[in-house]
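> My questions concern the predicted model and sequence given below.
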Amino acid sequence: EAWAARDLPWALEALDRYFFNESSCRPLLAALQSRLRLLIQLRSCVDAGDMKVTSAGLAKGQFQTAATRHGASFGSAVKSSANLFSQNDWYISTKVAPAAANYSLSELIDTQLACGECFDSVNKGGNEVQLVRTLFLRALAVKR
């Protein structure tokens, strides 16, 4: 949530708390990548003019209207973490969408790629705490 709010001090505090209790960053990175997958699709729809997102999320009905128009282009209607329009309307509109107001599409894509690089570095034995802090700093420090 701290990452979604684009709040660097909160995010770094949350990372400190996370690593106090956990030894592996893999679950954290997996959760971030899952959220990024949805945000990239949502931000694409926003940038195409199909939805308007604010810090409060999406206005009622926008998600369903876009799903009707573009759902088939995003894949099957079968529930899938990779398909924006197979997700719960309330979850996307109120929990995921506010973060889309804080990031550009290029920032989201860059962060998704950086997550992959972070996973690779972790698998090569890199310092997980340092790698994830660097990832968060890159994603949150400068808004483009």
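Now that the structure is in, tell me what you want to look at. All of these numbers come straight from a predicted model, not from anything done at the bench.

> Can you read off the pLDDT for the residue of the chain most remote from its centre?
Taking Cα atoms, centre = their mean, the residue of the chain most remote from its mean C-alpha position is residue 125, at 25.2 Å. Turning to residue 125, the model gives it a pLDDT of 93.

> cool, residue 78 as well?
On the pLDDT scale, residue 78 is placed at 66.

> go on, residue 86?
In this model, residue 86 is scored at 87, pLDDT.

> just checking, it touches residue 63?
No: in terms of Cβ atoms under 8 Å, residue 86 does not count as a neighbour of residue 63; the distance is 11.7 Å. In short, each C-beta sits where N, CA and C put it, glycine included.

> between those two, who's got more neighbours?
residue 63 (27 against 16; other Cβ atoms under 10 Å).

> That one sits in which helix or strand?
Secondary structure here is read from DSSP states H and E; on that basis residue 63 sits in helix 62-70.

> elements contacting that helix?
Using 3 or more Cβ pairs under 8 Å, 6 or more residues apart in numbering; DSSP states H and E as the contact criterion, the secondary-structure elements in contact with helix 62-70 are helix 89-90.

> what packs against the following helix or strand past the helix it packs on?
Heading C-terminal from helix 89-90, the first helix or strand you meet, by DSSP H and E, is helix 97-100. Packing contacts for helix 97-100, counted by 3+ Cβ pairs under 8 Å, 6+ apart, involve helix 26-47, strand 53-54, strand 57-58.

> swap the cut-off to 7 Å and go again
For helix 97-100, the contact count by 3 or more Cβ pairs under 7 Å, 6 or more residues apart in numbering; DSSP states H and E identifies helix 26-47, strand 57-58 as packing neighbours.

> Can you say which of those is nearest to residue 70?
Each of the helices and strands packed on helix 97-100 was scored for nearness to residue 70 using Cβ to Cβ, and the closest is helix 26-47 (6.7 Å).
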